[in-house]
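**Student:** Any chance you can model this:
(2 chains)
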Amino acid sequence: MSAYSPTETHIEVHKFRVIAVVGVTLAALLIQSFLPVHFPRARMLDLPLLITLYFGFSRRNPSTGLLLGMVIGLAQDSLGRSAIGLYGISKTLTGYLASSFGSRIDVEHPLSRFGLTIAFYIFHQAAYTLTQRLLLAQPEAFFTTHLLVAAAVNAVVAVAMFPLLDKLRLPS
Amino acid sequence: MAAVPMRHRSLTLLGAVLLIQVLALAVQIRTKSQGRLIRVWVVEVVVPFERAGNWTITKFRGVWNGYFGLIHTQRENAELHAEVDRLRIRNTELESESAESARLAALLGFRDAHPDVPMLAARVIAASADSSSHTIFINRGEHDGIHRNMAVITPDGVVGKVFEVYRSTSQVLLLTDKESGVGALLAGSRTQGPVGGVGEPLMTMKYISNDENVTVGQQVLTSGEDQIYPKDLPVGTVTEVKTGTPFKVIRVKPAARLDRLEEVLVLLTRQELVRATGPETPAPANSLATPVKHEQ
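**Tutor:** Residues are numbered from 1 along each chain as shown, chains lettered A, B, ... in the order given. As a prediction, the model looks like this:
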């Protein structure tokens, strides 16, 4: 399913099987919860976020992007100890913006994907932290060196992972 | 139906989804002191309206109570005034009863102190209609054994004598009446001289020589010479002494409060009053509600 507007006719909208979307999402969540157990440094990875970004960039439909972001975020919240909704809100916003950006700029180029992933990772963390501050009154730092490093690591992973996910696209 | 642009639809959806999640988050979060966040929000949203409503109701109630409620207040005020009047009357009645009880107790004590003297308690029921004469009516008469010239006293002193006797009432001539007189003597010197009324609150003691030493405050007692009053009953107190021609002019204040008589004792004999020896054991005041008649 895809939607086209007069200004979006030159942007290609990619389709995926539902089972592929669900499978990839579940896999990301499983790996996200499994990997840090054996590799603590893997905590800086946010695979659910990368999945949200990828499908947002690819589908380029804000509605689909925000709903997917919401589902993935809520699932991620459910697997953690924090209040349900923190990741949900931040990933909803991220999915919406990623879809919006995906319909306007080229998100296929690795450099573009790298830069956008860094930007959205920071945005995602900012939304998460802001929600924490406003609703939970937990004073979390916005920008830290760790944030920048994590953003870079996730961007690198995204650049490496997104081409693999491209193979799941249905032929147009 | 007009088509909603894609961008607006997605924005609406975004807003709805975010709102749902924020609400869901608020339901889960507990603040340190105020409970769940959703409750805090709801309270903060609702409280201003509640305050406004409460303020409105309070003002309305104030206006209602302050103005329209005055209708009830007026009626209540009138009722309270009536109640106060009723209570004042009741209070006066109770005070009167209390005073009467005290007076009756005094009479009873006096009677018990003279057990051998027959006396009859009587209630003053009227005074003289003639302002120039000082008389009273008592509720005892011929049926009660009252006779003319019987002495009438109170525990304080002599009141007068029975002047007229009827079937159930008697008229008593007070000591202060112009026609009244009592054989008396000055306590201490035992100098005798009659005491008579002059139609005023004070009486005069006559025929006391200018050589006699009379002092203000000196007590005057009955002498028994008049064959009416027993000896040594208090008549009054000397209040003024002047040298006169040919005798002293002595003014005597009655010992009995003749202007406030309500109960009196009628002595059914002229024998001397001798106070009984031994401890007095006065009976309760209300035992005089029905006076006991002592026959001679």
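**Student:** residues touching B:Val84, list them.
**Tutor:** Applying CB atoms under 8 Å, 6 or more residues apart in numbering or on different chains to B:Val84 gives no contacts. (Glycine included, C-beta is placed from N, CA and C.)
**Student:** part of a helix, is it?
**Tutor:** Yes: looking at B:Val84 with DSSP: H, G, I helix; E, B strand; the rest coil, it is inside a helix.
**Student:** Can you tell me how far it is from A:Ala27?
**Tutor:** For B:Val84, the distance to A:Ala27 (CB to CB, to the nearest Å) stands at 92 Å.
**Student:** Next: A:Gly65.
**Tutor:** Going from A:Gly65 to A:Ala27 by CB to CB gives 19 Å.
**Student:** One more: B:Ala99?
**Tutor:** B:Ala99 is 108 Å from A:Ala27, where distance means CB to CB.
**Student:** Please apply the same query to A:Arg133.
**Tutor:** Distance of A:Arg133 to A:Ala27, given as CB to CB: 32 Å.
**Student:** now swap in A:Gln76 and tell me
**Tutor:** Taking CB to CB, one finds A:Gln76 at 13 Å from A:Ala27.
**Student:** When these two are compared, which one has more neighbours?
**Tutor:** With neighbours defined as other CB atoms under 10 Å in any protein chain shown, A:Gln76 and A:Ala27 compare such that A:Gln76 has more, 26 against 12.
**Student:** List the contacts of that one.
**Tutor:** Going by CB under 8 Å, 6+ apart, the list of residues near A:Gln76 reads A:29, A:32, A:48, A:87, A:91.
**Student:** ok, the last one touching A:Ile72?
**Tutor:** So that's A:Lys91. Yes: between A:Lys91 and A:Ile72 there is a contact under CB atoms under 8 Å: 5.6 Å.
**Student:** tell me, what's touching those two both at once?
**Tutor:** With CB under 8 Å, 6+ apart, A:Lys91 and A:Ile72 have common neighbours A:48, A:52.
**Student:** any idea which element the residue nearest to B:Leu120 when sequence neighbours are not counted lies in?
**Tutor:** Nearest residue to B:Leu120 in three dimensions, chain neighbours excluded: B:Val266, at 4.6 Å (CB to CB, 6 or more residues apart in numbering or on different chains). Assigned by DSSP states H and E, B:Val266 falls within strand B:263-267.
**Student:** any idea of the mean pLDDT for that strand?
**Tutor:** For strand B:263-267, mean pLDDT is 91.
**Student:** again, but for stretch B:158-167
**Tutor:** Stretch B:158-167 shows a mean pLDDT of 91.
**Student:** Now do that stretch: distance to the chain's middle.
**Tutor:** Stretch B:158-167 sits 29 Å away from the centroid of its parent chain (CA atoms, centre = their mean, to the nearest Å).
**Student:** what's next to that stretch, contact-wise?
**Tutor:** When contacts are defined by CB under 8 Å, 6+ apart, stretch B:158-167 is touched by residues B:135-136, B:141-143, B:146-153, B:170-175, B:177, B:180, B:182, B:222, B:228-229, B:233-235, B:254-256, B:258, B:261, B:264, B:266.
**Student:** give me the low-pLDDT residue ranges for chain A?
**Tutor:** Counting by pLDDT under 70, the low-confidence segments of chain A come to A:1-11, A:37, A:81, A:172.
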